[in-house]
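Chemist: Kindly return the folded structure for what I paste below:
(chains A and B)
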There are 2 protein chains.
Amino acid sequence: MTIGGNSADVALRDRAAKVLPGGMYGHLSARLLPEGYPQFFAHGAGAELWDVDGNRYIDFMCAYGPNLFGYADPEIDAAYTAQLREGDTLTGPSPLIVELAEAMTSQVAHAEWAVFCKNGTDATTAAVMAARAATRKRTLLRARGAYHGAAPWCTPRDAGVAPGDRANQILYDYNDVASLEAAVQAAGDDLAAIIASPIGQPAFAPQTLPTPEYARAARDLATRAGAMLIVDEVRTGYRTTTGSVWDTLGAAPDMSAWGKVLANGHPLSALLGGPAARKGAEKIYVTGSFWFSAAPMAAALVVQKRVREGAYLTHIKAIGAALRTGLAERADRHGVGFAQTGPETMPLFLFDDDADFRAGFFWGSQMLRRGVYVHPWHNMFINAAMTEAHIERTLAAADEAFAALAAAQASLPPNAILAAPAG
Amino acid sequence: MTIGGNSADVALRDRAAKVLPGGMYGHLSARLLPEGYPQFFAHGAGAELWDVDGNRYIDFMCAYGPNLFGYADPEIDAAYTAQLREGDTLTGPSPLIVELAEAMTSQVAHAEWAVFCKNGTDATTAAVMAARAATRKRTLLRARGAYHGAAPWCTPRDAGVAPGDRANQILYDYNDVASLEAAVQAAGDDLAAIIASPIGQPAFAPQTLPTPEYARAARDLATRAGAMLIVDEVRTGYRTTTGSVWDTLGAAPDMSAWGKVLANGHPLSALLGGPAARKGAEKIYVTGSFWFSAAPMAAALVVQKRVREGAYLTHIKAIGAALRTGLAERADRHGVGFAQTGPETMPLFLFDDDADFRAGFFWGSQMLRRGVYVHPWHNMFINAAMTEAHIERTLAAADEAFAALAAAQASLPPNAILAAPAG
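Modeler: Here you go, the predicted model:
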């Protein structure tokens, strides 16, 4: 299982350069990945992925999250296609929107109502709107470097953003109670909402698990200010718990935004909320041509059933733990400084003293060559289709890749692709 | 073919009231429709729609646009499901994104690049961002009452919108060159973009076809100010021409936003652009978890093939013309003042002297009862699965419904649902 050619990928990149901005836009652009990482993929099944040149990988990116139960899960996709034949995008919603709202509000402790949409950004944006409508206040607090989507109010790049898009926002430092308190004070009597990632997952930097003190401070500060606490579960949803992460920390949000895994790759996101936010959600006008489509909801009902049963979570935690332990042992054995952060089901791998990610890029390329797709600066995901055999193959590849890195590390050239840290 | 019960619909509404804001959110809420209009649907096939109580309708709403070739078109859905088995939402895009960008930029005269997304709002928002990035200016001109999506910068309701969200916007009157010129003057040297609907389609009011003078004025004013002209084809796309409407008026835009019909109901939207906007599109960061999913693109390639062939357009124009002529004759015969506006493939029906839509609501209810779903205040859509037989059945129903209205019109009570015009 070694990487073969990439001529099909190169030919497609040439065509793409003419008809797509920059050759590829958004988070799936391979521009900030090591040379040789494929841009285009042909096939996915279970835990594995095939690029357009026929190279096969164990895929730890899971489509940047949506793949929770494996690509093309037979039961989930059968539910999707059966509903497609029955009725998908119609002149009104199907009964499935009610069933799914009932299922999610039963599953997620703080939720009693749901709005379904398509992008994670739709859900976070609607949450902010509902908070402003509910409180009749304007100021939004969000953590520096946290990703809440790609709308003008939150996209990580400044280009095309007008100053008004980010008016009435105050940034604070994640997991830092004093910083959050200062931001709340700065908001005065205009605080509409605090939006927080349940787990600190900035790109290019270690992940941070929230302290219960921080989460509860956010909850208490919002309550005292008559503001809404919004938790952005788009990336984390159902990957570390079968509910909402901050519910388990004693910091139940007023609203939470969900996406990615909800229909295991079919397009669906959701805003969930509790009683304090309901009036706000009723007042705002948010909608989309495909928000009510029934087929993704049919798929999501299968996902909800599995979340309710919970066996998948035990499995991905065990798989993630085996991967973490095995990688740590092998990195140690080769004397490579290797840091794994975040939940075991959403690992991030960084190398010590690797500011321009040259070691990460080298190691990632070595893994890729051995049929394992890892990401050098973004958190990854474990899915329920991964087996011990996938982890064994991954660890065997890692053993060789660490050895190659140990031999090459002293002489690695600077990383031209990430010379200046992106952000 | 008469309407039966609605007990299943009523039961679902009761459940929905608990778990969905206001019982239903967004444009598919039945709250502003006549009593008896169903909220929930079970099935769609071709030109027809079944509600959850088994009532069957010829559907002139077409899911508010996406249905161009009929519900559950076999060839389109087969392409979708085949691609689903191959690979849909993966860790990178499939080659189909390149093929589809090539197909659309070949089809639409002003386009040389494409960004694919999910909501129409994604495309209009990205267009505004790209215009601001390209011009390094901020002011956006848009027509009063025109719908460009449901993000904070454009949603038709004020709730949840902060003043900053609409900073740097100037409104003008559609189809009014003097109003547009005044707005351009007010923008001074800060004009980033003019966004325009290709056809005036406000809710609750007659549709307006643009004069070529107006469209060309928008083009010229944008060019002279170094600004971008954006045309919002989300609703109109491929329904009156196989390209972009304003290309045919000699007012080629720099960018156009597309959605709804692109994959005949599967979730897909697109921003297309020409050379002047390319750098702007390269600079902005816009993305979404499902923007690169391959299955909707496979469906869209079938749609593009049919658009290229063009026979569908001849057909829907003939169907739309037969409907218009037949309705006008029957309304006249019954002495009912009935105004049909907009393109024949996107008709809007309004009754004379009907400020609170009481006649429209009555007539719509009469049509519904006879198995025809028409909308009393929003434009409708003709799809290619409609046949002469559907039109004959519709005209037979309309004949009876006009007769019933003529008999009842003098004594219709005020319309409680639209007592105050919505907006």
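Chemist: make it CA atoms for all contacts and neighbour counts henceforth
Modeler: OK.
Chemist: Run through the bridge partners of the closest residue to chain B within the stretch 301-423 of chain A.
Modeler: Proximity of the stretch 301-423 of chain A to chain B (C-alpha to the nearest C-alpha) peaks at residue A:373, 9.5 Å away. Counting by DSSP bridges, residue A:373 is bridged to residue A:59.
Chemist: Please look at it and residue A:58 and confirm they touch.
Modeler: Yes - using C-alpha atoms under 8 Å, residue A:373 makes contact with residue A:58 at a distance of 6.0 Å.
Chemist: Do a quick rundown of the helices in chain A.
Modeler: Applying DSSP state H to chain A gives helices spanning A:7-19, A:74-86, A:96-107, A:120-135, A:177-187, A:212-224, A:275-283, A:294-309, A:311-333, A:358-369, A:388-408.
Chemist: out of those helices, which comes closest to residue B:238?
Modeler: helix A:7-19 (20.3 Å; C-alpha to C-alpha).
Chemist: Give me the domain ranges for chain A.
Modeler: A:7-71+A:311-411, A:95-291 (automatic domain parsing).
Chemist: most tightly surrounded among the ones you listed?
Modeler: Comparing the domains of chain A by mean neighbour count (mean count of other C-alpha atoms under 10 Å in any protein chain shown), domain A:95-291 ranks first with a mean of 23.
Chemist: quick one: average pLDDT of that domain?
Modeler: The average pLDDT within domain A:95-291 is 97.
Chemist: With stretch A:21-30 instead?
Modeler: The model assigns stretch A:21-30 a mean pLDDT of 98.
Chemist: center of chain A - which residue?
Modeler: By C-alpha atoms, centre = their mean, chain A has its centre lying nearest to residue A:235, at 2.7 Å.
Chemist: Got phi/psi on that one?
Modeler: phi -90, psi -30 (degrees, to the nearest 10).
Chemist: That one contacts residue A:256, correct?
Modeler: No - judged on C-alpha under 8 Å, residue A:235 makes no contact with residue A:256 at a distance of 11.6 Å.
Chemist: before we move on, the earlier item: closest one to residue B:118 among the helices of chain A?
Modeler: helix A:120-135 (10.4 Å).
Chemist: Just list what that closest one packs against, helices and strands only.
Modeler: strand A:191-196, strand A:228-232, strand A:255-258, strand A:269-273, helix A:275-283 (3 or more C-alpha pairs under 8 Å, 6 or more residues apart in numbering or on different chains; DSSP states H and E).
Chemist: check whether the second one contacts chain B.
Modeler: No - for strand A:228-232, no contact with chain B is found by C-alpha under 8 Å from any C-alpha of the partner chain; the gap never falls below 12.9 Å.
Chemist: Direction included, what does that strand pair up with?
Modeler: strand A:191-196 (parallel), strand A:255-258 (parallel).
Chemist: State the distance from residue A:415 to residue A:354.
Modeler: 10 Å (C-alpha to C-alpha, to the nearest Å).
Chemist: try residue A:163
Modeler: 35 Å.
Chemist: per-residue confidence at residue A:43?
Modeler: Reported pLDDT for residue A:43: 98.
Chemist: Actually, residue A:63.
Modeler: For residue A:63, the predicted pLDDT is 98.
Chemist: Just to check, it is in contact with residue B:89?
Modeler: Yes - contact criterion C-alpha under 8 Å: residue A:63 and residue B:89 qualify, at 6.3 Å.
Chemist: Can you pull the residues that touch both of those two?
Modeler: Residues touching both residue A:63 and residue B:89 (C-alpha atoms under 8 Å, 6 or more residues apart in numbering or on different chains): residue A:265.
Chemist: Pull the contacting residues for residue A:30.
Modeler: A:24, A:37-39.
Chemist: run the last query once more with 10 Å
Modeler: A:23-24, A:36-40, B:92 (C-alpha atoms under 10 Å, 6 or more residues apart in numbering or on different chains).
Chemist: Lowest-confidence one in the residues you listed?
Modeler: Per-residue pLDDT puts residue A:36 lowest of these, at 94.
Chemist: Name the surrounding residues that touch stretch A:402-415.
Modeler: A:34, A:327, A:330-338, A:354-364, A:366-367, A:397-401.
Chemist: Correct me if wrong: residue A:416 contacts residue A:31.
Modeler: No - using C-alpha atoms under 10 Å, residue A:416 makes no contact with residue A:31, being 11.4 Å away.
Chemist: where does the residue nearest to residue A:390 when sequence neighbours are not counted sit relative to residue A:70, distance-wise?
Modeler: The spatial neighbour of residue A:390 that comes closest, neighbours along the chain excluded (C-alpha to C-alpha, 6 or more residues apart in numbering or on different chains), is residue A:58 at 7.0 Å. Remark: distance between residue A:58 and residue A:70 (C-alpha to C-alpha) = 11 Å.
Chemist: Now for the two: what residues contact both?
Modeler: A:44, A:46-48, A:386.
Chemist: So which of those residues is the closest to chain B?
Modeler: Nearest member of those to chain B, counting by C-alpha to the nearest C-alpha, is residue A:44, at 5.1 Å.
Chemist: Enumerate every residue touching the closest one.
Modeler: Per C-alpha under 10 Å, 6+ apart, neighbours of residue A:44: A:50-51, A:56-59, A:62-63, A:70-72, B:84-91.
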